[in-house]
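>>> can't give you the sequence, but here's the structure:
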Ligand code: ADP
Ligand code: MG
């Protein structure tokens, strides 16, 4: 049993704005426990009627300042916990802090760079690496990912997650058995045999979480996420199985609401926004007080799930994430206070061993047989009948495998039957004699020297050849995988390129509105390539695939707007950057694959050359060359494997970014549509022939501006009336089939105050379809283009 208080660490997030000096200091004297001092500037401190202190000091196991990277945090915090999980103890790491203080960054990682991956991916990597190294045990790994929002549990890995709202999923509920053990109903456990599979599950859960979130539920700041690695291990032949769980927890934002509305409240106890954090604090207070018999675990789902982690059978670590900017000081002080209480909690971790009854029965049966045999021997009970043919054959087989077994501890188990023992001796004697005769025969025909060296050499060569063959296979598999990945990426890049090219091409020739046929053709040529682009990427991730489905359901106008949204979105830079990095990694992997092939063929040549007999010196040289090549080969092979993990991670990051982008687009699109409806109440009395803007002067200015700036898809056209109109050359793509019906045109009367400043083409030139969905798409799209255009123009002014 390991008794330990909960370990507390602090991590300070880099400030958004620099020059925030003097607010805190870290004292890390090697002999003393590190402490963090938060200094309240006078102006702030003066506001606190009840509390005039200016400096607050908190002790932590270790404090990671702004410049601490993810690797350092993993090495110091998560690695030791992962180590004890591998040894069979439960572990928990939870991040606590206000929204934006870096909990998700610390636990899961940043969304952009590979080097920003957080504790979960690094721990998975570490655990699978250790499992591979340890061949003395059989391990199985399962993953679960639970989200708790509003006291309800949701399985982030539920296959039914395509229903994009959390509420549609079956809730995860808590069951307690008579021994007061907690079981979670409806939480699926997914086996992961490799790091890659586990990583896929993490990304799947994160993406599901992102999709389910709506601006209303703000799930990412108000929910708790518990990623759990379930590890079981057993020695071969043993009936004892060890189970250990590692919870990696990203808690909801710890921000509180003021009790009172005026000064004085900031450093007093304010209420949590999140109710389950309130219950978590209650549990922690109860645990840190001596002689408290009742701990209110049952008050909330989170405290029930984390019951073992808090004062129970678990090695628990807390990371207090701090955003030490002036406006966040009160929350940071609350976080540190919470941590100080947590540090008082004592946990008792025990090895979770369980006996598998089937294996026990097998072992006991064997033991009974052995005892029976022993008893027969001791009591002198003799068996006289002759052994059967089958028994004799069985014995000879046993002798052969005994002789072939290289293990010096292996035994020839025949039981306490003297007939069998005798037969074994007879058979061994026969084998020995046969061998002697054979040896005498060979001595006469071969030199003595060769006789003792050749078998050894042969043996060694055979071994080397086998190893080579094995490596050969491994390389082939990896090279094939790489080829496939590369092809996929190239296709994706190519299609993306085509997409963009096509988009540009479609923008370049001026096009007049009101030619639906041409519009139709354009649509046919552009839509499949976009769908293909996504479907190729989608093959890798089923989730993304689902999202593509959604995209295919989009109307063309919506798709078109999405293209523009995508182009102008900040994340597209990240996606493009990651594409570039991926490309680099692919070429690196390719070059490495080639070097590996080269090394392999060199090893092959050396090996072939070694077959004929040659002088000792030459052979030695060859041998050392071979060794050198093997070392080189091994290094490259390891690097290739690491590259593979990095490539996989980058691809997942890109997938996630794409889903995020699409989701943001959908939100924005919906908002635009709502605005549209709100801003067009009197739609029926529209004069269709009246242009939106009559002031031709300002219109002309805009037109000039737009044409000068080659306005990306917008064409300025002289309508032959001395008046210029801005027409959307891409609108042809969204032109629907020509079946306008008068009643649908009412939707086209839409103008927000913001957009009034942008010249618009006459309503009559907007061909509507009669399909109100498509019509609103068209209008929303046009509005989107207008606002983007306006931003572009204003931005470059
Ligand atoms: P939380 O989960 O606590 O709400 P996040 O982890 O989402 O906060 O962090 C908010 C933002 O700050 C993110 O953009 C994240 O990338 C960034 N961030 C947080 N911690 C760090 C850090 N240590 N280094 C760099 N960026 C960070
Ligand atoms: Mg977060």
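Arrived safely. Just so it is clear, the model here is predicted, and its values are computed rather than measured. Ligands and ions are numbered 1, 2, ... in the order given.
>>> can you name the residue of this protein nearest to ligand 1?
As assessed by CB to the nearest ligand atom, ligand 1 sits closest to residue 102 within the chain, at 2.8 Å. No exception for glycine: its C-beta is placed from N, CA and C like everyone else's.
>>> does that residue touch residue 328 like I think?
No - the criterion here is CB atoms under 8 Å, and residue 102 misses it with residue 328 at 11.5 Å.
>>> neighbours of the residue of the stretch 651-797 of the chain found nearest ligand 2, how many?
Taking CB to the ion, ligand 2 has its nearest neighbour within the stretch 651-797 of the chain at residue 660, 13.8 Å off. Other residues lying near residue 660 total 19 when counted by other CB atoms under 10 Å.
>>> the helix or strand encompassing it vs ligand 1: in contact?
Residue 660 belongs to helix 616-678 when assigned by DSSP states H and E. No - Helix 616-678 does not reach ligand 1 (CB under 6 Å from any ligand atom); its nearest approach is 12.6 Å.
>>> who's in contact with residue 55?
37, 38, 39, 40 (CB atoms under 8 Å, 6 or more residues apart in numbering).
>>> which residue, other than its chain neighbours, is closest to the third one?
Of all residues beyond its chain neighbours, the one nearest residue 39 is residue 55 (5.0 Å), with distances taken as CB to CB, 6 or more residues apart in numbering.
>>> got phi/psi on that neighbour?
The phi and psi values for residue 55, taken as degrees, to the nearest 10, are phi -130, psi 140.
>>> what do you get for residue 61?
Backbone geometry at residue 61, expressed as degrees, to the nearest 10, gives phi -60, psi -40.
>>> same question for residue 291.
Dihedral pair for residue 291: phi 60, psi 20, per degrees, to the nearest 10.
>>> for it, give its distance to residue 340.
Using CB to CB, to the nearest Å, one gets 20 Å for the distance from residue 291 to residue 340.
>>> residue 475 too?
For residue 475, the distance to residue 340 - CB to CB - is 55 Å.
>>> who's more crowded, the two?
Between residue 475 and residue 340, counted using other CB under 10 Å, the more crowded position is residue 475 (19 against 14).
>>> need the helices for the stretch 301-450 of the chain, in chain order.
Secondary structure of the stretch 301-450 of the chain by DSSP state H, counting those that start in this stretch: the helices cover 301-305, 329-342, 357-378, 389-404, 418-445, 448-507.
>>> coming back round to it: which of the contacts of residue 55 sit farthest apart?
37 and 40 (10.6 Å; CB to CB).
>>> which one's more surrounded, the two?
The residue with more neighbours, out of residue 37 and residue 40, is residue 40; 23 against 13, by other CB under 10 Å.
>>> from the protein, which residue is nearest to ligand 2?
Here the chain gets closest to ligand 2 at one residue, residue 104, 3.2 Å apart by CB to the ion.
>>> now do the helix or strand containing that residue: everything it contacts.
Using DSSP H and E, residue 104 sits in helix 103-107. Residues from elsewhere that reach helix 103-107, judged by CB under 8 Å, 6+ apart: 11, 13, 70, 73, 93, 95-97, 116, 118-120, 220, 225, 227, 248-251, 253, 319, 321.
>>> restrict these to contacts with ligand 1.
Applying CB under 6 Å from any ligand atom to the contacts of helix 103-107, those adjacent to ligand 1 are 13, 97, 253, 321.
>>> one step back: where does the residue of the chain closest to ligand 1 land on pLDDT?
pLDDT for residue 102: 96.
>>> how near is residue 624 to residue 600?
Distance from residue 624 to residue 600, by CB to CB: 18 Å.
>>> an error on my part: the question was meant for residue 428.
Taking CB to CB, one finds residue 428 at 44 Å from residue 600.
>>> settle it for me: which of residue 624 and residue 600 has more neighbours?
A direct count of neighbours by other CB under 10 Å for residue 624 and residue 600 places residue 600 higher, at 21 against 11.
>>> show me what contacts that one?
Residue 600 neighbours (CB under 8 Å, 6+ apart): 468, 471, 472, 475, 633.
>>> so the fourth one sits against residue 595, correct?
Going back to what we said before, that points to residue 475. No - Residue 475 lies out of contact with residue 595 (CB under 8 Å); the separation is 10.8 Å.
>>> how about the helix holding residue 104, which residues are buried there?
103, 104, 105, 106, 107 (16 or more other CB atoms under 10 Å).
>>> do stretch 280-295 as well
For stretch 280-295, the neighbour count (16+ other CB under 10 Å) marks 280, 281, 282, 283, 284, 286, 287, 288, 295 as buried.
>>> got the end-to-end distance for it?
Using CA to CA, to the nearest Å, one end of stretch 280-295 lies 11 Å from the other.
>>> excluding chain neighbours, give the residue nearest to residue 278 in space.
Spatial nearest neighbour of residue 278, excluding adjacent residues (CB to CB, 6+ apart): residue 272 at 4.5 Å.
>>> pull the number of nearby residues for the one you found.
Counted with other CB under 10 Å, residues neighbouring residue 272 total 19.
>>> ok, now residue 209?
Residue 209 sits with 21 neighbouring residues when counted by other CB under 10 Å.
>>> how near is the residue nearest to residue 398 when sequence neighbours are not counted to residue 397?
Nearest residue to residue 398, sequence neighbours excluded (CB to CB, 6+ apart): residue 412, at 6.3 Å. Look at residue 412 and residue 397: by CB to CB, they are 11 Å apart.
>>> same thing with residue 358?
From residue 358 to residue 397 the distance is 26 Å (CB to CB).
>>> do the same with residue 160
With CB to CB as the criterion, residue 160 and residue 397 are 53 Å apart.
>>> same deal with residue 27?
72 Å.
>>> show me which of these two is the more surrounded one.
residue 27 (13 against 10).
>>> ligand 1 contacts on this protein?
So the chain meets ligand 1 at 13-14, 97, 99-105, 110, 221, 253, 321 (CB under 6 Å from any ligand atom).
>>> please indicate which of those residues are buried?
Buried, going by 16+ other CB under 10 Å: 13, 97, 99-105, 110, 221, 253, 321, out of those.
>>> which SS class is residue 25?
strand (DSSP: H, G, I helix; E, B strand; the rest coil).
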